[in-house]
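A.B. asks: with the input below, show me the fold.
(one chain, ligands or ions: 1)
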Amino acid sequence: MNTHAIELTTRDGEQLRFECAADQNLLEAAANAHIVLPAQCGQGNCGTCYADVTHGDFILGKHNPAALPADDEAKGGTLLCCTFPQSDLRIDLPFDHDRILIGEIKVRNAEITAIDSVGENTLRLELRLAPDEDSGSVAEFEPGQFMELEVPGQDIKRAYSLANISNWEGRLEFLIRLQPGGLFSTWLREQAAVGQTLIVHGPKGAFGLYESGLRPRWFVAGGTGLAPMMSMLRRMAEFQEPHPARLYFGANRPEELFCQTELKALQAELPQLQVIFCVWKPDDLWQGFCGTPVDALAQDLADAAVLPDIYLCGPPALIDAAEAVARAKGVPNKQVLSERFLPAA
Ligand SMILES: Cc1cc2nc3c(=O)[nH]c(=O)nc-3n(C[C@H](O)[C@H](O)[C@H](O)COP(=O)(O)OP(=O)(O)OC[C@H]3O[C@@H](n4cnc5c(N)ncnc54)[C@H](O)[C@@H]3O)c2cc1C
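C.D. replies: Reported below is the predicted structural model:
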């Protein structure tokens, strides 16, 4: 069968090329050429493999509309896992070359070293990678990336964003919201214990810090969407990056906010970091911002002297609302980066 030439350009201007048949999806064809692009579900459901087609024709297969907002689709946006080329294609990738793996995704064993409740239905899970021949005990990943954890005894994986940063000891830290009746959530609630082994796949994903000079960085997190923000802020603290930074962290009720001690510790290391706790349904004692983090973002963008880079993570509804606010205030699309915590199909 004839194939089409696919040319990818990363955000930092690197180019990669591979061939793809008309009945093959771009993600699979790239992987066959040993180019592993950031992706998660591979079924048009999670939105992780988003990219912009700048030239050529393609068919977009079955996908979840929540993973590809209509506005993005209208301007050439697509999901690589369900894109079938009908001509040669040129595609812009919304991430840098270092997020593309040339080779295979790592699969490693990791021992559970801690499971702590940090709030209502929210856990902090800590794992330690078993040393292997390639990596020793190192946990190597970029802030903003996620790992996939296998549900023990089942051929099923769930994605969780890393909350810590690369380290020599193999530590992986996650913040996990337990979903009622969820497969992995139920396993965590009822069976998980310190000392058990999990199989982890990754790191994966393109979400992360965008090097754009010294523009302010504003982070907007709903619930466990805080995890990748903690990772990015911890990296900024480690490297003492001087960008003005704000974190808008939202929950429905004051008692649902978590990681307040960790955030205070971060502020001590990163003095320019402002943390704005936002509560949608406050009680009489609440003294912080009343409303969603998107309300707080809208208010502060109106007064911003420099339009910041905006990082969004959490439920899709929060991200859609924040993107609409950013657009309305004139923040260019390339300054808005997001990760949607969509449930598995
Ligand atoms: C790239 C990526 C990163 C993610 N990172 C994190 C993270 O750091 N922390 C975290 O807590 N989650 C994260 N998620 C979500 C996570 O992967 C799982 O979807 C979630 O934990 C539910 O898995 P489960 O097996 O318990 O439930 P499932 O068995 O998948 O679902 C069971 C039921 O719960 C519903 N459900 C599942 N998730 C949700 C939800 N979010 N809201 C409402 N209903 C839901 C399903 O529709 C279904 O009816 C991430 C998702 C993606 C795509």
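
A.B. asks: drop to CA atoms for contacts and neighbour counts, all remaining ones
C.D. replies: Will do.

A.B. asks: show me the protein divided up by domain.
C.D. replies: 3-99, 105-204, 217-340 (automatic domain parsing).

A.B. asks: which residues touch the helix or strand of the chain with the lowest mean pLDDT?
C.D. replies: The helix or strand of the chain with the poorest confidence is strand 101-102; it has a mean of 84 (mean pLDDT, DSSP states H and E). When contacts are defined by C-alpha atoms under 8 Å, 6 or more residues apart in numbering, strand 101-102 is touched by residues 34-37.

A.B. asks: equivalent analysis for stretch 68-84, please.
C.D. replies: 21-28, 42-44, 47-54, 58-63.

A.B. asks: buried subset of these?
C.D. replies: The neighbour count (16 or more other C-alpha atoms under 10 Å) marks 21-22, 25-28, 42-44, 47-53, 58, 60-61, 63 as buried among the contacts of stretch 68-84.

A.B. asks: now, those that are in strands?
C.D. replies: 21, 50-53, 58, 60 (DSSP state E).

A.B. asks: got CSV for those residues, with pLDDT too?
C.D. replies: Shown next, in CSV, are those (pLDDT from 0 to 100):
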residue, pLDDT
Ala21, 96
Tyr50, 94
Ala51, 95
Asp52, 95
Val53, 97
Phe58, 96
Leu60, 95
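
A.B. asks: which of those residues lies closest to Glu323?
C.D. replies: Tyr50 (15.5 Å; C-alpha to C-alpha).

A.B. asks: can you tell me the closest non-neighbouring residue to the closest one?
C.D. replies: The shortest distance from Tyr50 to any non-neighbouring residue, by C-alpha to C-alpha, 6 or more residues apart in numbering, is to Leu79 (4.6 Å).

A.B. asks: before we move on, back to that, output the domains of the chain as JSON lines; include the columns distance to the ligand.
C.D. replies: Shown next, in JSON lines, are these (distance: least, C-alpha to the nearest ligand atom, whole Å):
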{"stretch": "domain 3-99", "distance to the ligand": "5"}
{"stretch": "domain 105-204", "distance to the ligand": "3"}
{"stretch": "domain 217-340", "distance to the ligand": "5"}
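
A.B. asks: a markdown table please, covering the ones you listed and showing distance to Tyr210.
C.D. replies: Listed next are those as a markdown table, based on distance: least, C-alpha to C-alpha, whole Å:
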| stretch | distance to Tyr210 |
| --- | --- |
| domain 3-99 | 8 |
| domain 105-204 | 11 |
| domain 217-340 | 8 |
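
A.B. asks: what about Gln86, distance to Asn25?
C.D. replies: 11 Å (C-alpha to C-alpha, to the nearest Å).
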